[in-house]
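Participant: Please find the sequence and the predicted model below.
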Amino acid sequence: MIKIVYIGWLNSQNIGDELMLEVFKELCDKYLKLNETQISFANIGVTIDEIEDYDTIILGGGSILLENTIDVLYKAVNKNKKVIIWGSGYDWINKDFIPSLIDSNIPCYILPFKDEIKLIEIIKKSKFIGVRGPLTKALFKNSSNNINKINVIGDIAFLLKPSALSSNCPILSLDYSEKVIAINWGTTFNKLYGNNELNVENSLVSICKKLIENKHKIYIYTMWPTDIDSCINLYKKINDCNNVILDFNKYNGGQIISILEKCIFSINFKLHASILSAVASTPFVCLGYRFKCFDFIKSIDCDELIVATDSSNLEEDINTTINLIESKHDYICSKINNNISIYANSFEETFKNIILN
């Protein structure tokens, strides 16, 4: 009996975290012989003692390259367990480091020295290392001369497919000819580049009003229950119930893709809102509020679609990106689709060739 444990963010009620676990379970059902495999799931914060009985340790998708998980993986490789990093990434580093990672390819040191030492051992002894984006790979250069062992495999959500919407989903009430713009909003409790959510919210209000003047409908949706109050505030500030729908129903990842397929473009705060928009082939403005957003955008080679939340000309920059999307809609869709299809294929091959062997 093969014993596998998947480590990730569990029971967070965050759609982004839940969909990654959803995809992993689907692949297990598709490829594993369940009568010969025991699969368990562990939350961030698990200790090595709690997973001592497992042969294979998989660090799953999400922003989970943290001090605790690095320690667990370090202890696991030194117990000769098969360790696989499968789509993991970093959440936050100082934004000032990003240009050096992109332009100069200069490693920056964001982890304590003891964790850097552990990473050297993890990279050396892991069965497979697949990170979410090229910026995470660049960060790993601090800890390994064997950079070729570190693969950029994209986000697990790239494997998701659309799924059916219930008949009471508000977007189904709109006519197919309506020009619908999806807006994802929420909160980080002000832990974002620029430390000013209110400024971002007010910029979105102004942009939405302008879009409505240009005969668009606005569809506000959430990714996390904690985001509902922020979305209500946005809805109230726009103050146009005839042209704005506020939807805080809970959907799975496939259903959000189905919603976004009905929109001509989207403006998204949370990372997986932009990722799902990409999977839906709906161009998007990614509000770059943390490092992980820039990592994703680099992974699909779409730098032109991200606007940093600390921009001194935030509203103008978002409008410029909207104009670009409207003028080059088909080209951007094609570019996104081509890049995502490459990652989606490699994810499934990785599962079959690495996890099963």
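Facilitator: Alright, I've got the coordinates. Residues are numbered from 1 along each chain as shown.
Participant: Just the pLDDT at residue 108, thanks.
Facilitator: At residue 108, the model reports a pLDDT of 59.
Participant: Check residue 144 too.
Facilitator: Taking residue 144 on its own, its pLDDT is 63.
Participant: now swap in residue 242 and tell me
Facilitator: On the pLDDT scale, residue 242 is placed at 96.
Participant: same thing with residue 156?
Facilitator: 89.
Participant: wait, residue 42 sits on residue 7?
Facilitator: Yes. Residue 42 lies in contact with residue 7 (CB atoms under 8 Å); the separation is 4.9 Å. C-beta coordinates here come from the backbone N, C-alpha and C atoms, glycine included.
Participant: where do the contact lists of these two overlap?
Facilitator: Shared contacts of residue 42 and residue 7 (CB atoms under 8 Å, 6 or more residues apart in numbering): residue 51.
Participant: Those two: which has the busier surroundings?
Facilitator: Comparing residue 42 with residue 7 by other CB atoms under 10 Å, the one with more neighbours is residue 7, at 26 against 19.
Participant: neighbouring contacts of the helix or strand containing the more buried one?
Facilitator: For residue 7, the host element (DSSP states H and E) is strand 2-8. Residues from elsewhere that reach strand 2-8 (CB under 8 Å, 6+ apart): 17, 20-21, 24, 36-44, 46, 51, 53-62, 64, 69, 72, 355.
Participant: On the C-terminal side of it, identify the next helix or strand.
Facilitator: As assigned by DSSP H and E, the chain's next helix or strand after strand 2-8 is helix 15-31.
Participant: Show me what the very next helix or strand once past that next one is packed against.
Facilitator: Remark: after helix 15-31, the chain's next helix or strand is strand 37-43, criterion DSSP H and E. Secondary-structure packing of strand 37-43 (3 or more CB pairs under 8 Å, 6 or more residues apart in numbering; DSSP states H and E): strand 2-8, helix 15-31.
Participant: do that again at 6 Å, thanks
Facilitator: Secondary-structure packing of strand 37-43 (3 or more CB pairs under 6 Å, 6 or more residues apart in numbering; DSSP states H and E): strand 2-8.
Participant: Just the buried positions in the strand it packs on, please.
Facilitator: Within strand 2-8, the residues that count as buried by 16 or more other CB atoms under 10 Å are 4-8.
Participant: The most centrally placed residue in the chain - nearest residue in space that isn't next to it in sequence?
Facilitator: The residue lying closest to the centre of the chain (CA atoms, centre = their mean) is residue 272, at 4.0 Å. Distances taken as CB to CB, 6 or more residues apart in numbering place residue 16 nearest to residue 272, at 3.2 Å, with adjacent residues excluded.
Participant: And for residue 132?
Facilitator: residue 89 (3.4 Å).
Participant: Do me a favour and get the backbone dihedrals for the closest residue to residue 17 other than its chain neighbours.
Facilitator: Among residues not flanking residue 17 along the chain, residue 9 sits closest, at 3.9 Å (CB to CB, 6+ apart). Backbone torsions for residue 9, taken as degrees, to the nearest 10, come to phi -80, psi 110.
Participant: how close does residue 9 sit to residue 62?
Facilitator: 6 Å (CB to CB, to the nearest Å).
Participant: No more questions from me, cheers.
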